[in-house]
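**Q** Model the following, please.
(chains A and B)
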Amino acid sequence: MSKGTVLILGARSDMAMAIAHCFAKEGYDIQLAARNADGLVSDTSDIALRYQVAVTQHEFDALNTASHVAFVVHLPVLPDIAVCAVGYMGEQAENERCTQSASLVMRSNYEGPTSILAVLANLFEQRGSGTLVGISSIAGERGRATNYVYGSAKAGFTAFLSGLRNRLAKKGVHVVTVLPGFVATKMTDGMDLPAKLTAQPKQMADAILDAVLKRRNVIYVKRIWQLIMMIIRNIPEKVFKGMKI
Amino acid sequence: MILSGWGRYPRIDAKLNAPRSEEDLQALVLQGNSIARGNGRAYGDSAVSAQNTVHMRHFNRMLSFDAEQGQLVAEAGVMLADVIDAFLPRGWFSYVTPGTKFVTLGGMIAADVHGKNHHKDGSFGTYVDWIDVLISDGSVQRCSRSENTELFEWTVGGMGLTGIVLRAAIRLRHVSSAWIEQRTLVAENISHAIELFEQSHDATYSVAWIDCLQQGKSMGRSLVILGEHADAVVVPSQYRKTPLHISPKRKLSIPVEFPSWALNSLSVRAFNALYYWNGKRKRGQQLVDWDSYFYPLDAILGWNKIYGRHGFAQFQCVLPLQTADAGLRALLSAIANAGAGSFLAVLKRFGTQNSRFSFPMEGYTLALDFPVNKKTLALMERLDSITVEHGGRFYLAKDSRMSRDLFHQSEPRTKDFVSFRSDHAASGAFASAQSHRLGL
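**A** Purely as a prediction, here's the structure:
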């Protein structure tokens, strides 16, 4: 007996896969949405076999916002939960030089994710139920020289989620904002990350499942990040602008 | 980075990559000297290559299951624990399982692992219908008993030295509960233990734990433990409605390395004596859940750390039937004389096996752990010689220290293995620290 259906947007990433496994294990059916969805066929069979749930794959391009309404309409069922794991970090140096690269980062982290969540939000609102999960980033908590293009897009996304939550709070629709710190994934392969500050994708997925079930609003995946970001947010700008962090 | 096997000896500074696609994997193989690594549970240096260790963790998807035939197709990095998690609730279990569930399918095929039922059901390779192997030229070959036979036969038990297993089709066994009916028999000495094994051919599972510090007429005193998959009707009443499920247990974990002195002949002697008397007291029939029966050590995460920072080595040999009694006596007396007991001395009867390079042969296999130090390394060399004198051979998945000469003395099959490798350009493409050490 299925507990409901979870749509995973940007399903190819390590984080997204961990989330899919985590919800499937709980008994949710899974819709995997990504570009070149045909490439997800092994993951589809894997999740279906391991947890005996229904798993489907769906072609989805976050940047093609014009297609988003049609994408949702063509889903076999309107999901109960939608998790947006779409994101693209890019290279800060490249983003400073080239406005097109910067624009791709902004569209991938803000325009695309907000567009698809907006479509889903309206349908969830009509239905009067559902949970939307947006994976934003601590990079959006304060702009830093080393990744402010990515950070600014995530800041926008965080603000969007906050507003959406405010709007839908009385409509039976819940919105979860996830602010991961470092997560060991394909994106961070080869980076030398401090182990104590780095979450495994599975840890993150467990935290998201927990947040969905308990209807929590904003979660940091490793508690320590909440403290770190509180400190970073409170450094006076006069001091902050001279810092190298 | 520093890599080692489960025994944490030897430690080798090795390059480690974890490819995500077949193309990336292929590119790594074409660089040469590659060896696939699963979950790192081989004890020694079987899955370490200083130049090119290839972690298979991203190839971990289950692809299909045919419930008519009990055939699972999965990628090589899938862990046995995951197969059990997914399929035991549906009434399926692995035909053959080693003493830990934290091994990958690829690793089980490469080492052609055996379990407590070898005398009856053979090794893991028996239940492999086909495998896809990425070979030295970067191509992927489907092989089985009827297709690419040579490659199939040398790869099962070939320690990853013929190619990298990508996918496999394996058969699962139908079971009606998650429980094992266990019967414990007490053997007063080694000949008695052998006698009990020979009387227990019908038992699906059989294994003996030996108190390896006893000498004289109690030498080899042991508990012989037999097991059968239990029918759903006999499982404990609180589980009878869901006979295929057991409740998850708390796991202990060893957080730090024990100091080397923690494991001395006194503590080992005390442990062995306690284990024996406790087993003797509880002899007879018991119902045990699958996890406790097959994987008692998996309940203690990181148990390899109790041997301290120098790590440990496992000695495992098999002796042919004719020489087993005399050979086991010689081995046990060498161990007892050295006073270097082992927490876990395990004896097991193997049935017949015909394979190219796999470890099992009809006879008796003995396995013991020792912390690595000068004294135990010397003892293990002594045990090596005794084994060879009695016509026995060694399990490569456990080896971390054997000498090339001794290994070649024990394995007349090596010559053919080496020529298969060179004929198929595998010698340069696939190599481990172990294959270099042993001249494979």
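
**Q** all contacts plus neighbour counts: C-alpha atoms, from now on.
**A** Fine.

**Q** show me where chain B has helices.
**A** B:22-30, B:80-87, B:105-110, B:118-121, B:149-155, B:190-199, B:265-281, B:290-294, B:321-338, B:374-389, B:404-410, B:414-423, B:426-429, B:433-438 (DSSP state H).

**Q** Show me which residues of chain A sit near chain B.
**A** Neighbours of chain B within chain A, by Cα under 8 Å from any Cα of the partner chain: A:42-43, A:45-47, A:49-51.

**Q** residues touching the residue nearest in space to the middle of chain A, list them.
**A** Nearest residue to the geometric centre of chain A (Cα atoms, centre = their mean): A:I135, 2.5 Å. By Cα atoms under 8 Å, 6 or more residues apart in numbering or on different chains, the contact list for A:I135 reads A:83-86, A:177-180.

**Q** would you turn the residues of chain A next to chain B into JSON lines with pLDDT and neighbour count?
**A** Formatted as JSON lines, those follow (pLDDT from 0 to 100; neighbours: other Cα atoms under 10 Å in any protein chain shown):
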{"residue": "A:S42", "pLDDT": "97", "neighbour count": "18"}
{"residue": "A:D43", "pLDDT": "97", "neighbour count": "22"}
{"residue": "A:S45", "pLDDT": "98", "neighbour count": "20"}
{"residue": "A:D46", "pLDDT": "98", "neighbour count": "21"}
{"residue": "A:I47", "pLDDT": "98", "neighbour count": "24"}
{"residue": "A:L49", "pLDDT": "97", "neighbour count": "21"}
{"residue": "A:R50", "pLDDT": "97", "neighbour count": "20"}
{"residue": "A:Y51", "pLDDT": "97", "neighbour count": "21"}
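
**Q** need the helix or strand of chain A with the lowest average pLDDT.
**A** Least confident helix or strand, chain A: strand A:182-183 with a mean of 86, by mean pLDDT, DSSP states H and E.

**Q** Now the element after that one, going C-ward?
**A** Using DSSP states H and E, the next helix or strand after strand A:182-183 towards the C-terminus is strand A:198-199.

**Q** in the particular helix or strand that has A:A118 in it, what counts as buried?
**A** Counting by DSSP H and E, the element that carries A:A118 is helix A:112-127. With burial defined by 16 or more other Cα atoms under 10 Å in any protein chain shown, the residues of helix A:112-127 counted as buried are A:112-121, A:123-125.

**Q** beta partners of whatever residue of chain B ends up closest to chain A?
**A** Closest residue of chain B to chain A, Cα to the nearest Cα: B:M62 (4.4 Å). Beta-bridge partners of B:M62, counted by DSSP bridges, are B:A74.

**Q** same for the strand ranked longest in chain B, what does it pack against?
**A** For chain B, the longest strand by residue count, based on DSSP state E, is strand B:164-174. Other elements packing on strand B:164-174 under the criterion 3 or more Cα pairs under 8 Å, 6 or more residues apart in numbering or on different chains; DSSP states H and E are strand B:71-75, strand B:92-94, helix B:105-110, strand B:128-134.

**Q** which outside residues touch that strand?
**A** For strand B:164-174, using Cα under 8 Å, 6+ apart, the contacting residues are B:35-36, B:59, B:69-76, B:91-95, B:105-106, B:127-135.

**Q** Can you go through the residues you listed and name the buried ones?
**A** B:35-36, B:59, B:70-76, B:91-95, B:105-106, B:127-135.

**Q** circling back: in TSV, list the helices and strands packed on strand B:164-174 along with distance to A:N217 and mean pLDDT.
**A** Listed next are these as TSV, based on distance: least, Cα to Cα, whole Å; pLDDT from 0 to 100:
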stretch	distance to A:N217	mean pLDDT
strand B:71-75	38	98
strand B:92-94	41	98
helix B:105-110	41	98
strand B:128-134	47	98
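
**Q** okay, the ones you listed in JSON lines with distance to A:D192 next?
**A** Below are the helices and strands packed on strand B:164-174 laid out as JSON lines (distance: least, Cα to Cα, whole Å):
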{"stretch": "strand B:71-75", "distance to A:D192": "29"}
{"stretch": "strand B:92-94", "distance to A:D192": "39"}
{"stretch": "helix B:105-110", "distance to A:D192": "29"}
{"stretch": "strand B:128-134", "distance to A:D192": "31"}
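
**Q** Please list the outside residues in contact with stretch A:106-125.
**A** So stretch A:106-125 is in contact with A:62-65, A:68-69, A:72, A:84, A:86-88, A:130, A:132, A:149-150, A:152-154, A:156-157, A:160, A:168, A:171-173, going by Cα under 8 Å, 6+ apart.

**Q** And for stretch B:342-357?
**A** With Cα under 8 Å, 6+ apart, stretch B:342-357 has contacts from B:116, B:118-120, B:122-123, B:153-154, B:156-158, B:197, B:206-212, B:268, B:271-272, B:360-370, B:413-414, B:417.

**Q** Identify each buried residue in it, please.
**A** Neighbour-count burial for stretch B:342-357 [16+ other Cα under 10 Å]: B:342-353, B:355-357.

**Q** what is the mean pLDDT for that stretch?
**A** In this model, stretch B:342-357 has a mean pLDDT of 91.

**Q** Now do the end-to-end distance for that stretch.
**A** 28 Å (Cα to Cα, to the nearest Å).

**Q** just to revisit the earlier point, for the least confident helix or strand of chain A, packing partners?
**A** Using 3+ Cα pairs under 8 Å, 6+ apart, strand A:182-183 sits against strand A:198-199.

**Q** Check which helices and strands the strand it packs on sits against.
**A** So strand A:198-199, by 3+ Cα pairs under 8 Å, 6+ apart, packs with strand A:182-183.

**Q** need the residues of chain A next to chain B in TSV with secondary structure and distance to B:V234, can you?
**A** Converted to TSV, the residues of chain A next to chain B look like this (DSSP: H, G, I helix; E, B strand; the rest coil; distance: Cα to Cα, whole Å):
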residue	secondary structure	distance to B:V234
A:S42	helix	39
A:D43	helix	38
A:S45	helix	35
A:D46	helix	33
A:I47	helix	33
A:L49	helix	29
A:R50	helix	28
A:Y51	helix	27
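
**Q** Looking at those, which two lie furthest apart in space?
**A** Using Cα to Cα, the pair of these lying farthest apart is A:S42 and A:Y51, separated by 14.3 Å.

**Q** Name the surrounding residues that touch the lengthiest helix in chain A.
**A** The residue-count maximum for a helix in chain A (DSSP H) belongs to helix A:148-168. The contact list for helix A:148-168 (Cα under 8 Å, 6+ apart) reads A:88-90, A:92, A:95, A:102, A:105-107, A:109-110, A:113-114, A:125, A:134, A:136-144, A:173-177.

**Q** Narrow these to those in helices?
**A** A:92, A:95, A:102, A:105-106, A:113-114, A:125.

**Q** so, in contact with chain A or not, stretch B:103-115?
**A** No - Stretch B:103-115 does not reach chain A (Cα under 8 Å from any Cα); its nearest approach is 14.9 Å.

**Q** And that stretch, how far out from the chain middle?
**A** 7 Å (Cα atoms, centre = their mean, to the nearest Å).

**Q** Distance across it, terminal residue to terminal residue?
**A** First-to-last distance for stretch B:103-115 - Cα to Cα - comes to 13 Å.

**Q** show me the contacts for B:R413.
**A** Counted by Cα under 8 Å, 6+ apart, B:R413 has contacts B:356-357.

**Q** change it to 7 Å
**A** B:F357 (Cα atoms under 7 Å, 6 or more residues apart in numbering or on different chains).

**Q** Spell out which residues of chain B are next to chain A.
**A** B:61-64, B:86 (Cα under 7 Å from any Cα of the partner chain).

**Q** Does A:V178 touch A:Y220 like I think?
**A** Yes - A:V178 lies in contact with A:Y220 (Cα atoms under 7 Å); the separation is 6.2 Å.
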